[in-house]
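1. Starting from these lines, generate the structure:
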Amino acid sequence: MFEQYLDISDEVKFAIENNQPVVALESTIISHGMPYPKNVETALKVEQIIRDLGAIPATIAILDGRLKVGLSHDEIEMLGKAGDVVKASRRDIPFIIAKGLNGATTVASTMILADLAGIRVFATGGVGGVHRGAETSFDISADLIELAQTNVVVICAGAKSILDIGLTLEYLETHGVAVVGYQTDELPAFYTSKSGYPVDYRVDNPRELALAIKAKWALNLQGGLLVANPIPKEFEMDSNVIDEAIQEAIRQQTALGIKGKESTPFLLAKVKELTGGDSLDSNIQLVYNNAKVGAQLAIELSKLK
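-> Presented below is the predicted three-dimensional model:
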């Protein structure tokens, strides 16, 4: 039934049908995460990194009400330039389809569309989580709920450091989502490799990770897996600098009354401004690093099939 809404590019469709490794990529980072033209340059570089390692990239979005898995360069360029693209999570998908709108997919909606297409590995920057002050605001990202129910592995640089990382981990534990450190015992905090919180399990190579994923789904243990891959040391930020910027960004967010799905784009943009653009550079490098691990994992999973 869902096929009537879904367009998979010829390249991605061929790869899926022939058990070739495919890595899903989100589009919110293009439309809402970075300024033009850096957003388009980054998206195309991420795709090239995945290709160079032997896998097929599948950037995902909603264009004119159609669910798109595998975008052309022109479509990525359009998303990067357009100013009226909806930030699309699970709840938004039916209405974007019905109204024929353009939507940039978040972690949650990218997982949904990847799952529909049969793609099991997704590389992104950082995931959403439990926001600071959630004990009164109840602001919890739909990304966490999606991880609990959708069979897609998410490679990221940990939870965004604008969040309450401790509560985010508690939420994931409650919903049975394993948090795996890739070559690390500690959960990275997006811009930095350290958060002070341990991961559930550590894996040191993509083969070991692929074996655990195969066992999980073979046992019909529904839901995804969060793989935390630290930002490379040479690109991580000073924790004191980033913490001060985040605290100031949160103060400004509260003063302006910004809530809901506008919170994360506002906070990331404000942190970028307060750090003189250094946080954007770090963001780009961690996305590249996650794309590499995503490609390596997709290749190992394809071998196990």
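2. Which parts of the stretch 201-305 of the chain are strands?
-> Using DSSP state E, counting those that start in this stretch, the strands of the stretch 201-305 of the chain run over 201-203, 225-228.
3. Pick the most buried one from these.
-> Most buried of those by mean neighbour count (mean count of other CB atoms under 10 Å) is strand 225-228; its value is a mean of 27. Every C-beta, even on glycine, is put in place using the N, C-alpha and C of the backbone.
4. average pLDDT for that one?
-> Mean pLDDT, computed over strand 225-228, is 98.
5. what does it contact?
-> The set of residues external to strand 225-228 that reach it, using CB atoms under 8 Å, 6 or more residues apart in numbering, is 127, 147, 153-158, 172, 177-182, 184, 187-188, 199, 203, 209, 212-213, 216, 293, 297.
6. and it, which strands flank it?
-> strand 153-156 (parallel), strand 179-182 (parallel) (DSSP bridges).
7. Output the last one in CSV, but only the C-alpha positions, please.
-> The C-alpha atoms that make up strand 179-182 are tabulated as CSV, following Å, rounded to 0.1, in the frame of the first residue of the first chain:
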residue,chain,number,x,y,z
VAL,A,179,23.6,2.6,23.1
VAL,A,180,26.8,1.3,21.6
GLY,A,181,30.1,3.1,21.7
TYR,A,182,32.1,2.7,18.6
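8. Show me what that strand is in contact with.
-> Residues from elsewhere that reach strand 179-182 (CB under 8 Å, 6+ apart): 155, 169, 172, 187-188, 199-204, 209, 212, 225-230, 293.
9. chain center to it: distance?
-> The chain centroid and the centroid of strand 179-182 are separated by 15 Å under CA atoms, centre = their mean, to the nearest Å.
10. Which of the residues in that strand are classified as buried?
-> Val179, Val180, Gly181, Tyr182 (16 or more other CB atoms under 10 Å).
11. same deal with stretch 90-97?
-> For stretch 90-97, by 16+ other CB under 10 Å, it's Arg90, Asp92, Ile93, Ile96, Ile97.
12. now it: mean pLDDT?
-> 98.
13. do stretch 67-81 as well
-> Regarding stretch 67-81, the rounded mean pLDDT is 98.
14. Can you convert the strands paired with strand 225-228 into CSV and add a column each for mean pLDDT and distance to Val271?
-> Shown next, in CSV, are the strands paired with strand 225-228 (pLDDT from 0 to 100; distance: least, CB to CB, whole Å):
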stretch, mean pLDDT, distance to Val271
strand 153-156, 98, 17
strand 179-182, 98, 23
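15. For Asp164, which of those strands is the nearest?
-> strand 179-182 (14.8 Å; CB to CB).
16. Can you lay out the buried residues of stretch 90-97 as TSV showing distance to Gly83 and secondary structure?
-> Listed next are the buried residues of stretch 90-97 as TSV, based on distance: CB to CB, whole Å; DSSP: H, G, I helix; E, B strand; the rest coil:
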residue	distance to Gly83	secondary structure
Arg90	24	helix
Asp92	17	helix
Ile93	21	helix
Ile96	16	helix
Ile97	21	helix
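17. can you pull the buried residues of stretch 272-283?
-> Residues of stretch 272-283 classed as buried by neighbour count (16+ other CB under 10 Å): Lys272, Leu274, Thr275, Asp278, Ser279, Leu280, Ser282, Asn283.
18. Pull the residues that contact it.
-> 33-34, 38, 125, 190-191, 231, 235-237, 241-242, 244-245, 248-249, 268, 271.
19. what's the answer for stretch 82-100, then?
-> 5, 28, 31-32, 62, 64-67, 79, 101-106, 108-109, 112, 142, 145-146, 261, 265.
20. Just the CA coordinates for it, please, in CSV.
-> Taking Å, rounded to 0.1, in the frame of the first residue of the first chain, the C-alpha atoms of stretch 82-100 are listed here in CSV:
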residue,chain,number,x,y,z
ALA,A,82,14.6,26.7,-0.6
GLY,A,83,13.4,28.6,2.5
ASP,A,84,9.9,27.0,2.8
VAL,A,85,10.8,23.4,3.5
VAL,A,86,8.9,21.8,6.4
LYS,A,87,10.9,20.1,9.1
ALA,A,88,9.3,16.7,8.9
SER,A,89,9.0,14.2,11.7
ARG,A,90,6.7,11.2,12.0
ARG,A,91,3.5,13.3,12.7
ASP,A,92,4.1,15.6,9.7
ILE,A,93,4.5,13.0,6.9
PRO,A,94,0.8,12.4,6.1
PHE,A,95,0.0,16.1,5.8
ILE,A,96,3.1,17.0,3.8
ILE,A,97,2.0,14.2,1.3
ALA,A,98,-1.6,15.4,1.3
LYS,A,99,-0.7,19.1,0.7
GLY,A,100,2.1,18.3,-1.8
